[in-house]
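Undergrad: Requesting a structural model of the entry that follows:
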Amino acid sequence: SEISTEGWSTGWYDGVGILAAVIIVVATTVVTDWNQDKQFRELDALHKDISVNVIRNAVPQSISLYHLVVGDIVVISSGD
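TA: Residues are numbered from 1 along each chain as shown. Predicted structure coming up:
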C-alpha cells in the first residue's frame, strides 16, 4: 500500500484521485442518462401526437388526436 510506504502526508493523493474519478464518472453518467430520458420523452410525445382528418360542423379539418370531441366524424382512408 502507498500509505504504508509513503506515509499519510503523500499517500492520500491516490485515494483522493480515485474518489474524484469515481465522482466524475457517476456525475457524467447521471447527466447523460437524464438528457437521454428527456429526449426520449419529447420524441415519444411527438410520436403520439397524430393528426386525424375529421368533419366538424360540416367542415373537413385536420386536427390533433388529442383535440377530438364528441360529435366529430373521423374520416378514415386507406392506410389509416
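Undergrad: Show me which helix runs longest in the protein.
TA: The helix that spans the most residues within the chain, counting by DSSP state H, is helix 8-48.
Undergrad: If we go by neighbour counts, what in the helix or strand just after that one is buried?
TA: On the C-terminal side of helix 8-48, the nearest following helix or strand under DSSP states H and E is strand 51-56. Of the residues in strand 51-56, 52, 54 count as buried by neighbour count, 16 or more other Cβ atoms under 10 Å. Any C-beta I mention is one placed from the backbone N, CA and C, and that applies to glycine too.
Undergrad: next one: strand 51-56 to chain centre, how far?
TA: The gap between the average C-alpha position of strand 51-56 and the chain average comes to 30 Å, counting by Cα atoms, centre = their mean, to the nearest Å.
Undergrad: who does that strand pair up with?
TA: Applying DSSP bridges to the sheet, strand 51-56 is found paired with strand 59-64 (antiparallel), strand 73-74 (antiparallel).
Undergrad: Show me what the mean pLDDT comes to for that strand.
TA: Here the mean pLDDT over strand 51-56 is 92, rounded to a whole number.
Undergrad: Could you export it as CSV, CA atoms only?
TA: In CSV, the C-alpha atoms belonging to strand 51-56 read as follows (Å, rounded to 0.1, in the frame of the first residue of the first chain):
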residue,chain,number,x,y,z
SER,A,51,-53.1,14.3,-37.0
VAL,A,52,-56.5,13.0,-38.0
ASN,A,53,-59.0,14.1,-40.6
VAL,A,54,-62.4,14.9,-39.2
ILE,A,55,-65.6,16.6,-40.2
ARG,A,56,-66.7,19.1,-37.5
